[in-house]
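In: whatever this is, show me its structure:
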Amino acid sequence: MQNTFLEEVANSLYNQLGKDISNYTVIFPNRRAGLFFNRALRKLIDQPIWAPEAMAIEDFVRQKSDFAVPDQLSLIFSLHEVFQKHAPFKEDFEQFYFWGDMLVKDFNDVDHYMADARPLFSNLLEWKKLADTDFLTEEQIQLIEKFWKSFEAKPKDAQEKFTRNWNILYPVYQDFRQKLKEENQAYNGMLYRDYAEKLKAGELQISGNLIFAGFNALTRTEEIIISEAVKQGAQIFWDMDTYYAAPESAVQEAGNFFREYSNHTILGKTFPDELPNRILEETPQINITEVKGNIAQAKFLGQLLSEQNIEQPEKTAIILGDESLLFPVLYALPEEIQKVNVTMGYPLRFASIYQLMNICLYLQKNKRVEAEKTTFNHRDVLKILKHPFVGNLLGEGAKTKIHHIEANNIIRLELKDLFEENEEENPLLEILFKDGSDNYFLYLRTILQYVHQEQIESTEQEFIAEIYKQINQLEQIIREFKLTLDINAFIRLFNRIIQSIRVPFSGEPLEGIQIMGVLESRNLDFDNIYFLSMSEDNFPGGANSQSFIPYNIRKAYGLPTLEQRDAIYAYLFNRLLQRSNHMHLMYNSDNSGGKGGEPSRYLLQLQYELGIQTKKVQLQSLNQDPQAASPVPITIEKNESIWKILKSYNHDKSLSASALRTYLNCRLQFYFRYLAGLKERDEVSEDLDAADFGNILHHVMENIYETVLNQKLDANKIILLKKEIDSFIKQEFAALYGKKLEVADFEFEGRNIIIRDVVKRMVIQILNYDVQIAPFTVKKVEGEFQYEVPLDDGQKIKLQGSIDRLDEKDNSIRVIDYKSGGDEVKFPDVESLFDRDHKNRNGAAMQTLFYSYLFIKSADYDGVKNVVPGLYNGKGLFKSDFSEKLKLNGNELNNAELLMNDFENGLKDILSEIFSSEQPFGQTEKLENCTYCAYRTICNR
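Out: Numbers count the residues shown, from 1 in each chain. Take a look at the predicted model:
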């Protein structure tokens, strides 16, 4: 086992300095390296000594300054205050936040790289007047002129907008720095620049008892600080390899910075005479695996770890190119792995508690406060009730409330609607479903405090604590700057702030398997490395670093650019090769989520450069070629339990016309609905579907004619009935949306206003037609009729039907069925009604004749009058030649009794097939019948 880089540093220093090492300070790029360095040093000593101080360079620089560094949010607020003084337009803080955050980062870069802000932020005309451009090379001058030349080609309004903002940046930069200084504050770059300038000017001295270890891409301020320390005798330990850092390896971007520093007048002298050549001489075994899907990577990792005997877990690292994989990876770890240390920042936007906060804010946004009554939109309420936290805290109560809302189609709810009768009040519901507009900060804090008290896992507790801290901080700043935010601005600002926050996990970095991001792996070495999500979109990722300073200007003034970022990532990856024994590298080849699914360029470099030279790179694929799922035929044979259900139609159950129509459309659909009892899931719908529309039409017509049963209706009486239409329609809509007891308060909204008008228009059209054919007498509305049909095997199958309207006109009884759709009235013959394969089978005509059959078989039929089946269909009602009568082979049917023998024979045949034969329940061959079937996903059609 070879030494790690930090062990090498500890060995070298202890051999060189002995006990005097305690007089030195060892400085690393980050804090974690110091912990591992001290552990390495502890292994070398055989007697107690004072440990040297080990720290990150950021902590070292902060020690040398009297300035405090505020958090990013406070910096943006301060910048906004300064910006308002110079901007020719006023911009709310919430609108300013996004590019205020960007400007703070740009100013940070300007100072970290010690760029001269005056010429950098000048326009082309001013820039040419500035004499002090000697520090720029000819290439840099060309870059600047190239930018301004391309800028002049832009549209005028774009030029003006950019120029207006660009021209105030220098005074904003100056005033911002001045304001912070007056408050004894500074951002990081400003702190570094101040210290570096004072060192360079000789105003401050730096100790020679400093050791710098593990640095790669130095900012200009770091370069000056370290150079000044080296002048006083400080040492530098570089961590690099010949493979990428040698002068002749110019094509390897990972060594770009080292090659630059090796030519530096001061830093160059600290480079070793000979670079180590570990990558080629001691190449680890490298396995590159193509995996389809993120979760599949986590599962594959779990499999690999379970196959490996991990004796020293702290020498194994799992590195995540995509931080959203953290929890899938944690859940995929084998049970025998007891200790895990997570050392990475996890984006707060992925946290479950953040999602709850966001939903609650939209609940507040969409609430209505009218007449001292607060109502909420069902969508927001259901999202909250279905959230894992709320679901766990409410238990079965959450499911009950969800079902109540969905079953009753309640669109807007008050808090009281969530409590059943005699149910005790629930404090969580009262906290969530209240009007929080007085103080949204207090509203969110109260929810967080309640959830925090419950027993939830520690990671979620950390997320809760972080959001709580951010809310308090935002409230304090808003109060301090006397800002006002409406709910929309509050939501946008809250989301922008939270989505930029990463929560660091606290743990014991010296124990257990280490899970980290690639940046956290700096200076650390492991025997076994598992690197997930090495896709090009994740590692190194796209050019998503936002900046107000154009690329050419950044490059001309030495500010970091995309090329430098790529070189940093290339180094971080290549240095992992230097001291590891095994590397398992995976990438997600699935591009369905909007990302490319391509392997990282660094994987391709390994394959085509290192792999060819060392033969240590193995490729494999876990992908399975996706196959289009072919529908598997489903057939349900009649077994003992099914026969038992079928027999119940002899006495307990009854068969409807709709059930028969379903059976003729598809035997399997009939089985699912009427035998297996599979019901469609309740969902809240703000817009009516076809079934709801039809139900409202039926109920309104029922209510209208129920008031005048058995009265002879002439045209005038029917016209008078129209005045009740509006109240009946409102009553039906209110019932549909769970407001049956609050009809007066119900209000039509959105598309329902149009649907209401369509229903009204259709009801009026029915009444207008009835006026034309009056007089008649309505005998029944929604009349229930039953009849037991005797089959040849002795069974009697109970049929049942609800006839929309029975009326008597002249010497006829009309059996009327209302249809809101485009059902036809014509059919070729009775046999076609029961022939599932007939191209002109008319289901609506079959239903209407079914109702006529039940009436004729009932005691209400006197055997004298003609029975006339009729369809009031939505498609035909508005035609000038409309007639409700069915048409048999083109002729109006004026007496259904003439068809009843043939109809009964057809009915018995189909009933015998269902209740007597071994005919299984299979799928229809007509795929058009599957289009609106509730069970189509079961059949995969």
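In: helices or strands next to the helix or strand hosting Leu806 in the packing?
Out: Taking DSSP states H and E as the definition, Leu806 sits inside strand 796-809. Contacts defined by 3 or more CB pairs under 8 Å, 6 or more residues apart in numbering; DSSP states H and E place strand 796-809 against helix 690-706, strand 776-790, strand 812-819, helix 843-856. All C-beta atoms are positioned from the backbone trio N, CA, C, and that covers glycine.
In: in it, what's buried?
Out: Of the residues in strand 796-809, those buried by neighbour count under the rule 16 or more other CB atoms under 10 Å are 797-799, 801-807, 809.
In: export these as JSON lines, with columns for pLDDT and distance to Arg936.
Out: Below are the buried residues of strand 796-809 laid out as JSON lines (pLDDT from 0 to 100; distance: CB to CB, whole Å):
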{"residue": "Ile797", "pLDDT": "93", "distance to Arg936": "29"}
{"residue": "Lys798", "pLDDT": "94", "distance to Arg936": "30"}
{"residue": "Leu799", "pLDDT": "94", "distance to Arg936": "28"}
{"residue": "Gly801", "pLDDT": "94", "distance to Arg936": "28"}
{"residue": "Ser802", "pLDDT": "94", "distance to Arg936": "28"}
{"residue": "Ile803", "pLDDT": "95", "distance to Arg936": "31"}
{"residue": "Asp804", "pLDDT": "94", "distance to Arg936": "29"}
{"residue": "Arg805", "pLDDT": "95", "distance to Arg936": "34"}
{"residue": "Leu806", "pLDDT": "95", "distance to Arg936": "37"}
{"residue": "Asp807", "pLDDT": "95", "distance to Arg936": "39"}
{"residue": "Lys809", "pLDDT": "93", "distance to Arg936": "43"}
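In: how about the helices and strands packed on strand 796-809 in JSON lines, adding mean neighbour count, mean pLDDT and distance to Gln252?
Out: Formatted as JSON lines, these follow (neighbours: other CB atoms under 10 Å; pLDDT from 0 to 100; distance: least, CB to CB, whole Å):
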{"stretch": "helix 690-706", "mean neighbour count": "18", "mean pLDDT": "86", "distance to Gln252": "66"}
{"stretch": "strand 776-790", "mean neighbour count": "17", "mean pLDDT": "94", "distance to Gln252": "84"}
{"stretch": "strand 812-819", "mean neighbour count": "23", "mean pLDDT": "94", "distance to Gln252": "76"}
{"stretch": "helix 843-856", "mean neighbour count": "24", "mean pLDDT": "94", "distance to Gln252": "74"}
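In: please convert those to JSON lines, extending it with distance to Phe921.
Out: Compiled in JSON lines, the helices and strands packed on strand 796-809 are given as follows (distance: least, CB to CB, whole Å):
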{"stretch": "helix 690-706", "distance to Phe921": "23"}
{"stretch": "strand 776-790", "distance to Phe921": "20"}
{"stretch": "strand 812-819", "distance to Phe921": "27"}
{"stretch": "helix 843-856", "distance to Phe921": "19"}
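In: now the strands: where do they sit in the stretch 551-700 of the chain?
Out: According to DSSP state E, counting those that start in this stretch, the stretch 551-700 of the chain carries its strands in the segments 582-588, 617-621, 635-636.
In: so which of the ones you listed is the most packed in?
Out: Of all the strands of the stretch 551-700 of the chain, strand 582-588 has the most neighbours on average by mean count of other CB atoms under 10 Å, namely a mean of 23.
In: what's in contact with that strand?
Out: For strand 582-588, contacts defined as CB atoms under 8 Å, 6 or more residues apart in numbering pick out 284-294, 296-297, 300-301, 304, 322, 527-535, 576-577, 595, 597, 599-600, 603, 606.
In: which ones among those lie within helices?
Out: 294, 296-297, 300-301, 304, 603 (DSSP state H).
In: just among the residues you listed, which is most surrounded?
Out: Neighbour counts for those, by other CB atoms under 10 Å, peak at Gln297, which reaches 27 neighbours.
In: quick one, what contacts that one?
Out: 291, 325, 532-533, 586, 588.
In: quick one, what contacts Leu41?
Out: 10, 13-14, 21, 51-52.
In: so how far is Phe5 from it?
Out: 13 Å (CB to CB, to the nearest Å).
In: now Asn216
Out: Applying CB to CB, the value for Asn216 to Phe5 is 12 Å.
In: touching both of those two, which residues are there?
Out: Common neighbours of Asn216 and Phe5 are listed as Asp239 (criterion: CB under 8 Å, 6+ apart).
In: just checking, Ile636 touches Tyr671?
Out: Yes: counting by CB atoms under 8 Å, Ile636 touches Tyr671, with 5.3 Å between them.
In: joint contacts of those two?
Out: Phe921.
In: where does the stretch 351-500 of the chain have low pLDDT?
Out: Judged against pLDDT under 70, the low-scoring parts of the stretch 351-500 of the chain cover residues 421-422, 455-457.
In: just the helices in it please.
Out: For the stretch 351-500 of the chain, the helices defined by DSSP state H, counting those that start in this stretch occupy 352-365, 378-385, 388-394, 396-407, 427-432, 440-453, 458-480, 487-499.
In: ok, now the stretch 151-300 of the chain?
Out: According to DSSP H, counting those that start in this stretch, the helices that the stretch 151-300 of the chain contains are 156-166, 169-182, 188-200, 220-231, 242-245, 256-262, 278-281, 294-307.
In: buried subset of the contacts of Leu41?
Out: Buried subset of those (neighbour count, 16+ other CB under 10 Å): 10, 13-14, 21, 52.
In: which one of these is nearest Ala774?
Out: Comparing the buried ones among the contacts of Leu41 against Ala774 with CB to CB picks out Ala10 as the nearest, at 105.6 Å.
In: and for the closest residue to that closest one other than its chain neighbours, the neighbour number?
Out: Of all residues beyond its chain neighbours, the one nearest Ala10 is Ala40 (3.9 Å), with distances taken as CB to CB, 6 or more residues apart in numbering. Residues contacting Ala40 under the criterion other CB under 10 Å number 20.
In: swap in Lys43?
Out: 10.
In: what helix or strand does it sit in?
Out: Here Lys43, judged by DSSP H and E, is contained in helix 32-44.
In: check the offset of that helix from the chain's centre.
Out: Between the centre of helix 32-44 and the centre of its chain there are 42 Å (CA atoms, centre = their mean, to the nearest Å).
In: hey, C-alpha coordinates of that helix in CSV?
Out: Only the C-alpha atoms of helix 32-44 are listed here, as CSV (Å, rounded to 0.1, in the frame of the first residue of the first chain):
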residue,chain,number,x,y,z
ARG,A,32,-10.8,18.6,5.5
ALA,A,33,-7.2,18.1,4.4
GLY,A,34,-6.0,19.4,7.8
LEU,A,35,-7.9,16.6,9.7
PHE,A,36,-6.3,13.8,7.5
PHE,A,37,-2.9,15.5,7.8
ASN,A,38,-3.0,15.4,11.5
ARG,A,39,-4.0,11.8,11.5
ALA,A,40,-1.1,11.0,9.2
LEU,A,41,1.3,12.9,11.6
ARG,A,42,-0.1,11.1,14.6
LYS,A,43,1.0,7.7,13.1
LEU,A,44,4.6,8.9,12.9
